[in-house]
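[1] One predicted model, sequence on top.
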Amino acid sequence: MEDNRRYITIALAKGRLAKKTMDLFENMGILCEEMKDPESRKLVFTNEEWKLKFFLAKANDVPTFVEYGAADIGVVGKDTIDEENRRLYEVLDLGFGKCRMCVAGPESARELLQHGERIRVASKYPEIAKDYFHNKKHQTVEIIKLNGSVELAPIVGLSEVIVDIVETGSTLKQNGLCVLEEICDLSARVVVNRVSMKMEQERIRTIINGLKDELAKKEQA
């Protein structure tokens with residue numbers, strides 16, 4: 001019998017998040033062996049049984065694919081979701097890839113934050129930094145966008161503080177910096193296109209509930 005359902009397309013952020021997500025799908029019985037082939041040059045992988053398509057994308061691009069409907073579902077870090085600020089539904093916290101978004105700098109900068117002084121803030125996440133300082137702290141700051149090694153900024157005098165992801169804090173410590181304020185907790189999240197959620201609600205809910213069940217099993221194990 002012909003399967004006339006359309007494919008549900010899932011965009012995964014490349015790297016650890018994609019691997020951990022595919023492990024969850026495998027536990028649900030959704031297999032995609034082609035994705036495991038390191039020699040494969042394919043960009044889109046299919047599971048015919050569930051009528052699913054998977055593709056890997058740069059983290060920053062996942063929310064864009066989902067907002068515009070090129071992907072129905074996406075899995076990406078909360079940091080990217082907040083930074084990209086796309087129109088989509090955030091429906092599930094997968095609980096892995098945990099870290100924190102923080103304001104960090106030398107201990108001497110703590111006073112500047114407490115007194116709301118005008119300072120420079122360097123970050124790979126200018127939108128998150130702007131939202132935090134302007135809307136939550138109501139502190140006037142100049143935000144400088146950097147693409148790598150943000151820890152350098154306060155060391156060489158480019159900025160007083162940085163806004164960045166912190167996992168263990170060891171890199172900060174090695175460079176004479178510390179966490180001064182915590183902005184939010186981060187982890188991998190599932191996002192869904194707004195139209196897809198209406199048009200394919202039943203199938204998307206089945207996938208999300210399956211992921212929830214697998215996460216619950218892991219917690220109980």
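    Structure received.
[2] How about the contacts made by Gly148?
    Lys124 (Cβ atoms under 8 Å, 6 or more residues apart in numbering). From N, CA and C alone the C-beta is placed, and that goes for glycine too.
[3] pretty sure Asp79 is touching Tyr125, no?
    Yes. The pair Asp79 and Tyr125 qualifies as a contact (Cβ atoms under 8 Å) at a distance of 6.4 Å.
[4] what touches both of those two?
    Contacts common to Asp79 and Tyr125, judged by Cβ under 8 Å, 6+ apart, are Met101.
[5] looking at this, Arg120 is in a strand?
    Yes. The assignment for Arg120 (DSSP: H, G, I helix; E, B strand; the rest coil) places it in a strand.
[6] what comes up buried for stretch 106-117?
    Using 16 or more other Cβ atoms under 10 Å as the burial criterion, the residues of stretch 106-117 that qualify are Pro106, Ala109, Leu112, Leu113.
[7] how long is that stretch end to end?
    16 Å (Cα to Cα, to the nearest Å).
[8] Grab the nearest non-local neighbour of Pro154.
    Using Cβ to Cβ, 6 or more residues apart in numbering and skipping the chain neighbours, the partner closest in space to Pro154 is Gly105 (4.8 Å).
[9] What are the buried residues along stretch 149-160?
    So, applying 16+ other Cβ under 10 Å, buried residues of stretch 149-160: Val150, Glu151, Ala153, Pro154, Ser159, Glu160.
[10] partners of the residue most central in space within the chain in the sheet?
    By Cα atoms, centre = their mean, the mean C-alpha position of the chain lies nearest to Gly77, the distance being 1.2 Å. Counting by DSSP bridges, Gly77 is bridged to Ala188.
[11] Now for it: which residues touch it?
    Ala13, Leu17, Ala59, Gly97, Leu186, Ser187, Ala188, Arg189.
[12] Mind checking what helix or strand follows the helix or strand hosting Phe54 in sequence?
    Using DSSP states H and E, Phe54 maps to strand 52-57. Using DSSP H and E, the next helix or strand after strand 52-57 towards the C-terminus is helix 62-67.
[13] which SS class is Gly29?
    Reduced to three states by three-state DSSP, Gly29 is coil.
[14] contacting residues for it?
    Contacts of Gly29 (Cβ under 8 Å, 6+ apart): none.
[15] The same query, at a cut-off of 10 Å, please.
    Asn47, Glu49, Trp50, Gly210 (Cβ atoms under 10 Å, 6 or more residues apart in numbering).
[16] Just to check, Pro154 is in contact with Ser123?
    No. With contact defined as Cβ atoms under 10 Å, Pro154 does not reach Ser123; the gap is 11.6 Å.
[17] intersection of neighbour lists for those two?
    With Cβ under 10 Å, 6+ apart, Pro154 and Ser123 have common neighbours Val161, Ile162.
[18] now for the top helix by length along the chain, which elements pack on it?
    Assignment by DSSP state H gives helix 201-220 as the longest helix of the chain. Packing partners of helix 201-220 (3 or more Cβ pairs under 10 Å, 6 or more residues apart in numbering; DSSP states H and E): strand 8-13, helix 16-27, strand 73-77, strand 89-93, strand 188-192, helix 194-199.
[19] and the third one, average pLDDT?
    To tie it back to what came earlier, the one meant is strand 73-77. The average of the pLDDT scores along strand 73-77 is 98.
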